[in-house]
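[1] Output the structure for:
(2 chains)
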Amino acid sequence: MAVPLLRALFRSDSASAETSAESSPSPVEALCRVFCVLAAGALLSILVSAGVCALMPGPDGRGRLVLAFGLIGLLLLAGAVYSGLRMVRQALLDSRQNSECLLEAKQRALELAALYDTSHDVSVQYELSTLLQTILERAKNLLSAAGCAIFLYDSEHHDFEIAAEVGVGMPVGSHLPMDRGPAGHVARTREPLILKDYGSWPDRSEYIRKLPIKSTVLVPMMRGGELVGVLGVHELVGTSREFNEADARLLSLFADNAASAVRVARLLEAVRDSEERFRIAARCASDIVYDWDLADDSVVFFGARYDQLRAENQTVARTRQEFWDTLHPDDLKRVRKAFHGHLESGTLFSEEYRISDGKGSYLVVSDRAMAIRNQKGKAVRLIGAVTDITERKRAEQMKTDFVSFVTHQLRTPLSGVKWMLELAMETLDNPEEMQSFVRDARISTDRLIGLVNDLLDVSRLERGSLKVARRPIDLAGLTREVVAELDPLVKDKRQRFSVLAPEGLPEPWVDPQLIRQAVLNLIANAVKYTPEEGEIRVRIEAGDGGLRWEIRDTGIGIPPADMRKLFEKFYRAGNVLAVETEGTGLGLYLVRLIVERFGGKVWCESEEGVGSTFMFTLPLENGEV
Amino acid sequence: MINARILVIEDDKFLRRACEVSLGKRGFSVLTAVDGEEGIRQALSGSPDLILLDMLMPRLTGIETLEVLKREEKTRHIPVVILSNSSIEADVQRAKALGAVGYLVKASLSLRELGDRVIGFLEQAGVDLGTPEDPPR
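    You can find the predicted model right below:
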């Protein structure tokens, strides 16, 4: 038709599809124009023939003209009527099509709105199980279906887990293999799968075989090229609804959104689990765990020990400089070097060092740490654990000291014996001298035996494995026996010794041998550390539900600085110098162990240069300590 | 008589006596001290040719005594032999570092061997011993 040509000439062309659709006239429009033209032509012809009839004189030519124009007019009229009818038909068709399109458009708009709402709903859910439920409901409603299922991909086992479902009763939590079933199919093809009759699909899997699913559509849940899972919507056996491409498309759009949300929720879950594990571990450890942000030099602490310190109002270093300040100056260089070495080259950071305890002394700690690095390999955080090993170090040192001390103490009398006997052998011709050597050897042997016994007693008492035989003992009588034994020594030093004890004293239930040892140690000490012609007095009396045993001497006394540690292992007071240093340093310690074993207490009062008084109590109750 | 004087600084009564008797019988003139302080006094006043020094003593330890001996001008040159019953490596090193000429463990030595070693150290130090006399057997 000339009409589109005229149109093209007079309208400016535009590239948009909209105007190109306009540039070709709709069928109805075209027909309308045709009708108009024909109708106009018909009218014209009829008018002309009527005009001829009315205006032209004479019947000769008039009849033919009238006929001609009349015929033309009728033909044109027929054409107009025909095109008119065509036009009406087309208009009706167009109208129906339009309303269909409109309906479809409305439908699509509704679906897109629903999709938007759904995706929005889904994207604000971070908690995985709630999220999955939301996805189920929304997907089901989106397609107005009976049931929905979510299969999540398990990267560890390379299979699918039925993560959630509604409507059919699938076994949630079971795993499906990748090689069979609808989910596996979709995973392999990465394309949607629409089945009209699930029951007759050859590739269906064991689990889902028995479920009453009729038609189903499954789509992959993709995120960044990664398969998060498969989303399926289904109708039940007994229904006739079938899913189509449009459904698959809609579901796919939703599924991708859902995939994003699921991925985020899963990551968050993993992070939460990890953090939970960390917190529990930190709480259980008696260490202090620290997390040091190296960029802004701030540190966070965890752990039971940290809570304890906070409860005690102790301050803990919070910046790097504060930390260096608490370190013992002798350890500072080494620790700094290790610290920087680790940050730069990743060498293991495991150091023991001393830190100030804020009260004037040092704690020994063990610190193991590891840096977290950014993509460039630069250390940005340092995570470490600090353990207080002060006690352990002290115990180790004590053990070492103990071993050296005992070795020395044992070797001394042994050397004495050895040398004395060697001398004796060389003076066989001088019996008196030889005798003195042999006597000294014997005394050394006794000393050695005493030492070994002390060590054994201490060891067994400490461990609590010493068998104790308790019976009522006459403490005064026992004391006098010990004094009698030491009489030669007392006489030798011309000391005055007295024991004061009233008659009828109660008898404590103790092990006589052990108490004897304690009494012996105390009396022997008094004799040893009291000079010649000094005085030693023992007094025993009842009181405070037990017995009190006291020994007072006029000896060299004990300096105040040593008083605290007097009853400790291996302690020997600083002023024990002029006197021969035989003895183990265990004497008083043993007295304490023994007395405490029976529920008593031992203590001392002393003045240097004046004398000392040692006292112990023994309760009378017949009970186990 | 050996023309040399030995100072024995030893806190244990019997070991001190044994050294004194044995070295005396060997012909040495022997001085004794019960602890570090007395030992230093004796070293300053008695001019010994050699000092036998115990390590584990009360108050002034062997190491501390050695430090003083090596600091004092009058005693600096006197050869010191550590006579100990502890064989802690750290102690040995420290003593040698301070200038002790020897480190002997009492429990591993007989008195005769001790005497022999003393003579050896004295010879090393260039002390003229005169005519040695063997102790009567």
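[2] Please, where are all the strands along the stretch 101-250 of chain A?
    All strands of the stretch 101-250 of chain A, identified by DSSP state E, counting those that start in this stretch, fall at A:147-154, A:159-166, A:175-176, A:193-195, A:213-223, A:226-236.
[3] What pairs with the fourth one, parallel or antiparallel?
    Strand A:193-195 pairs in its sheet with strand A:213-223 (antiparallel), by DSSP bridges.
[4] mind saving the C-alpha coords of the strand it pairs with as PDB?
    The C-alpha coordinates for strand A:213-223 follow below in PDB (Å, rounded to 0.1, in the frame of the first residue of the first chain):
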ATOM      1  CA  ILE A 213       5.300 -36.900  43.000                       C
ATOM      2  CA  LYS A 214       3.700 -36.500  39.700                       C
ATOM      3  CA  SER A 215       5.100 -33.500  37.900                       C
ATOM      4  CA  THR A 216       8.100 -31.600  39.000                       C
ATOM      5  CA  VAL A 217      10.400 -28.800  38.000                       C
ATOM      6  CA  LEU A 218      14.000 -28.700  39.300                       C
ATOM      7  CA  VAL A 219      16.500 -25.900  38.900                       C
ATOM      8  CA  PRO A 220      20.100 -25.400  39.900                       C
ATOM      9  CA  MET A 221      21.000 -23.000  42.600                       C
ATOM     10  CA  MET A 222      24.100 -21.300  41.300                       C
ATOM     11  CA  ARG A 223      26.200 -18.600  42.800                       C
END
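[5] Measure how that strand sits relative to strand A:226-236, angle-wise.
    160 degrees (axes from the mean of the first three to the mean of the last three C-alpha atoms, to 10 degrees).
[6] Could you tell me the angle between the direction of strand A:213-223 and that of strand A:147-154?
    Going by the same axes, to 10 degrees, strand A:213-223 makes 40 degrees with strand A:147-154.
[7] circling back: which of the strands of the stretch 101-250 of chain A sits closest to B:D54?
    B:D54 lies closest, by C-beta to C-beta, to one member of the strands of the stretch 101-250 of chain A: strand A:147-154, at 76.0 Å. Every residue, glycine included, has its C-beta placed from N, CA and C.
[8] Now do the closest one: everything it contacts.
    Contacts with strand A:147-154, where a contact means C-beta atoms under 8 Å, 6 or more residues apart in numbering or on different chains, come from A:132, A:135-137, A:139-140, A:160-168, A:170, A:175-176, A:183, A:187, A:213, A:221, A:227-236, A:258, A:262.
[9] mind running it again at 7 Å?
    By C-beta atoms under 7 Å, 6 or more residues apart in numbering or on different chains, the residues outside strand A:147-154 that reach it are A:132, A:135-136, A:139-140, A:160-168, A:170, A:175-176, A:183, A:227-234, A:236, A:262.
[10] Drop anything exposed from those residues.
    Neighbour-count burial (16 or more other C-beta atoms under 10 Å in any protein chain shown) applied to the contacts of strand A:147-154 gives A:132, A:135-136, A:139-140, A:160-168, A:170, A:176, A:183, A:227-234, A:236, A:262.
[11] from these, which are also near chain B?
    Filtering the buried ones among the contacts of strand A:147-154 for proximity to chain B by C-beta under 7 Å from any C-beta of the partner chain leaves nothing.
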